[in-house]
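Participant: sharing a sequence plus its predicted fold:
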Amino acid sequence: MSKKGRVLVAMSGGIDSTVTAMMLHEEGYEVIGITMKTWDYATSGGDQKETGCCSLDSINDARQVAVDFGFHHFIVDIRDEFGDFVIDNFVDEYLAGRTPNPCVLCNTHIKWEAMLNRADQLDCEFIATGHYAKIASENGRLFIQKAKDGQKDQSYVLWGLSQKCMERTLFPLGPYTKPEVRQMAYDKGYTDLAKKGESYEICFVPDNDYRGFLKRRLPELEDEVKGGIFVDRDGNLLGEHHGYPFFTIGQRKGLGQAFGKPMYVTDIQPETNTVVLGEVDELMRNGMIVYKQNLQKYETLPHDIECTTAVRYNDKGTLAKLAHTDNNEISVEFMANVRGVAPGQSAVFYEGNDIVGGGIIKQSL
């Protein structure tokens with residue numbers, strides 16, 4: 001075993017995970033690659049070619065890198081665990097009128113657990129991924145920090161990582177920008193990989209049509225939820241719609257009818273199949289309740305702490321006061337009104353570049 005130790009690297013076949021493996025190999029770690037098969041798009045009834053981290057081409061690309069550098073590579077099938085937890089949650093959240101973030105759940109409850117279990121089996125001290133993020137420590141606590149590349153920073157989806165997970169995790173790309181990573185791939189002769197496009201969609205919804213996914217997953221859904229109504233905030237009837245699960249907070253396009261002025265989804269009431277519409281100013285919120293939280297930088301939330309709070313991926317964040325509620329949830333009071341706070345999405349709290357913690361938005365205020 002190398003002096004640096006043995007590391008299990010998650011390899012999707014993309015540029016980021018490939019460069020991660022190359023960097024660690026060159027730094028003297030004993031690298032073992034792992035590709036996790038999470039999903040078969042064909043099983044959802046979709047007619048698009050399978051793309052992204054689960055496609056055969058991507059798996060072959062990951063394996064070829066391992067062959068080139070002479071390290072072992074394994075494929076792990078976690079489709080059952082992924083489907084039972086991530087996809088079932090995804091569907092259940094939409095049926096509850098919320099907007100889920102499956103990537104957070106997958107990272108926290110599926111991928112890291114699967115990697116750590118396999119790392120133990122292979123006597124790997126560390127695991128590594130191609131996420132653009134850093135891990136820092138202070139006062140005996142580990143926490144995620146934003147990456148150097150602000151446009152690629154992925155700290156938002158890592159708020160759920162535990163202290164135990166972070167103790168064994170490496171993020172080699174945190175100190176680099178995406179152009180620098182592309183150049184590394186190019187310098188090693190991976191010219192096609194250096195030009196490879198980005199993948200932003202949910203892995204099991206590669207066409208970005210979550211409504212179509214729900215219909216394929218639950219063929220009876222359309223009949224069960226048809227005949228819903230649009231109302232304004234005062235309860236006045238504005239029209240009919242084809243079912244509350246097919247709408248999200250902040251949505252303007254795809255409402256199915258014109259209202260003479262731009263209208264947005266401001267609330268979803270699944271119990272009555274009602275979607276509330278309003279003008280853009282009615283999307284503004286001055287607070288929210290967050291639950292299922294995970295703290296990183298502090299063991300307990302400091303009294304009256306103020307944090308920059310992001311309510312969606314790529315949100316620059318808004319300064320807010322945080323406080324524990326009586327039932328151990330987190331009350332968030334924004335210093336300035338925030339648009340489109342969507343229950344089900346993640347709220348992530350930052351001090352500068354450091355993640356204090358995060359949780360799931362339970363309700364807006």
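Facilitator: Happy to help now that I have it.
Participant: contact partners of the helix or strand of the chain with the lowest mean pLDDT?
Facilitator: In the chain, the helix or strand scored least confidently by mean pLDDT, DSSP states H and E is helix 191-194, which has a mean of 80. Residues external to helix 191-194 that are found in contact with it (CB atoms under 8 Å, 6 or more residues apart in numbering): 14-15, 18, 61, 182-183, 185-186. The way it works is simple: take the backbone N, C-alpha and C, and place the C-beta from them, glycine included.
Participant: okay, and which of these map to strands?
Facilitator: In strands, defined here by DSSP state E, there are no members of the contacts of helix 191-194.
Participant: only whichever of the residues you listed are buried, select them in ChimeraX.
Facilitator: Buried residues within the contacts of helix 191-194, by 16 or more other CB atoms under 10 Å, are selected in ChimeraX with:
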select :14,15,18,61,182,185
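Participant: farthest-separated two in the contacts of helix 191-194?
Facilitator: Across those, the longest distance by CB to CB is 18.8 Å; it joins 61 and 183.
Participant: so, low pLDDT: which residues of this structure?
Facilitator: Residues of the chain meeting the criterion pLDDT under 70: 1-2, 40-54, 197-201.
Participant: let's see that with 50 instead.
Facilitator: 50-51 (pLDDT under 50).
Participant: where's the spatially most central residue of it relative to residue 346, distance?
Facilitator: Most central in the chain under CA atoms, centre = their mean is residue 103, positioned 3.0 Å from the mean C-alpha point. To residue 346, residue 103 is 9 Å away according to CB to CB, to the nearest Å.
Participant: now do the shared contacts for those two.
Facilitator: In contact with both residue 103 and residue 346: residue 157, using CB under 8 Å, 6+ apart.
Participant: mind listing the helices for the protein?
Facilitator: With DSSP state H, the ranges of helices along the chain come out as 15-27, 56-69, 79-82, 88-95, 102-105, 112-121, 163-167, 178-187, 191-194, 210-217, 221-225.
Participant: what's the closest of these to residue 353?
Facilitator: Comparing the helices of the chain under CB to CB, the one sitting nearest is helix 163-167, at 15.5 Å.
Participant: dump that closest one to PDB, restricted to CA.
Facilitator: In PDB, the C-alpha atoms belonging to helix 163-167 read as follows (Å, rounded to 0.1, in the frame of the first residue of the first chain):
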ATOM      1  CA  GLN A 163     -18.800  14.300  10.400                       C
ATOM      2  CA  LYS A 164     -18.100  10.600   9.900                       C
ATOM      3  CA  CYS A 165     -18.400  11.000   6.100                       C
ATOM      4  CA  MET A 166     -16.200  14.100   5.900                       C
ATOM      5  CA  GLU A 167     -13.500  12.500   8.000                       C
END
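Participant: and the closest residue to residue 10 other than its chain neighbours, how many neighbours does it have?
Facilitator: Distances taken as CB to CB, 6 or more residues apart in numbering put residue 129 closest to residue 10, at 4.6 Å, once the chain neighbours are dropped. Applying other CB atoms under 10 Å, we find 25 residues neighbouring residue 129.
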